[in-house]
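Trainee: Just a sequence and a predicted model for now, questions to come.
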Amino acid sequence: MPENKIQINLTPEIAEGTYANLAIIAHSPSEFIIDFVRMTPGAKQANVKSRIILTPDNAKKLMLALQDNIAKYEQHLGKININSDAPAPAPVPMSFGGGEA
């Protein structure tokens, strides 16, 4: 069976990346929405820097890929410790008005 290859372009603007230190995740029956937010100390408001919308199966594939990559990271570089003493910002509830996103 021939292998399908996809060429993926990474523009310089996207290659720079966007820093986020908070992710807010919501879902509807057909989609998962991940909002990436940059919080700054003392700020009363934070803006969403990027929103990614995934189908449920692709959200699960992302979760599995992250689990695999975290395991590989920790195997080579050591355990990632989460600071449980740091206060987590309260996420803003997302509502879809009873319908799908």
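Mentor: Now that the structure is in, tell me what you want to look at. Numbers count the residues shown, from 1 in each chain.
Trainee: gap between the residue nearest to I70 when sequence neighbours are not counted and N58?
Mentor: Nearest residue to I70 in three dimensions, chain neighbours excluded: I80, at 6.8 Å (C-beta to C-beta, 6 or more residues apart in numbering). From N, CA and C alone the C-beta is placed, and that goes for glycine too. According to C-beta to C-beta, to the nearest Å, I80 and N58 sit 24 Å apart.
Trainee: the more surrounded of these two?
Mentor: N58 (13 against 8; other C-beta atoms under 10 Å).
Trainee: So K72: helix, strand or coil?
Mentor: Here K72 is recorded as helix under DSSP: H, G, I helix; E, B strand; the rest coil.
Trainee: Can you report how many residues neighbour it?
Mentor: K72: 10 neighbours (other C-beta under 10 Å).
Trainee: Report pLDDT for it.
Mentor: Looking at K72, its pLDDT reads 98.
Trainee: Pretty sure I14 sits in a strand.
Mentor: No - looking at I14 with three-state DSSP, it is helix, so not inside a strand.
Trainee: Distance check, it against Y73.
Mentor: 23 Å.
Trainee: Mind checking which of the two has more residues around it?
Mentor: More crowded of I14 and Y73, by other C-beta under 10 Å: Y73, with 12 against 9.
Trainee: Spell out the secondary structure type for D57.
Mentor: Applying three-state DSSP: D57 is helix.
Trainee: do the same with the one 10 residues further on
Mentor: Per three-state DSSP, the local secondary structure of Q67 is helix.
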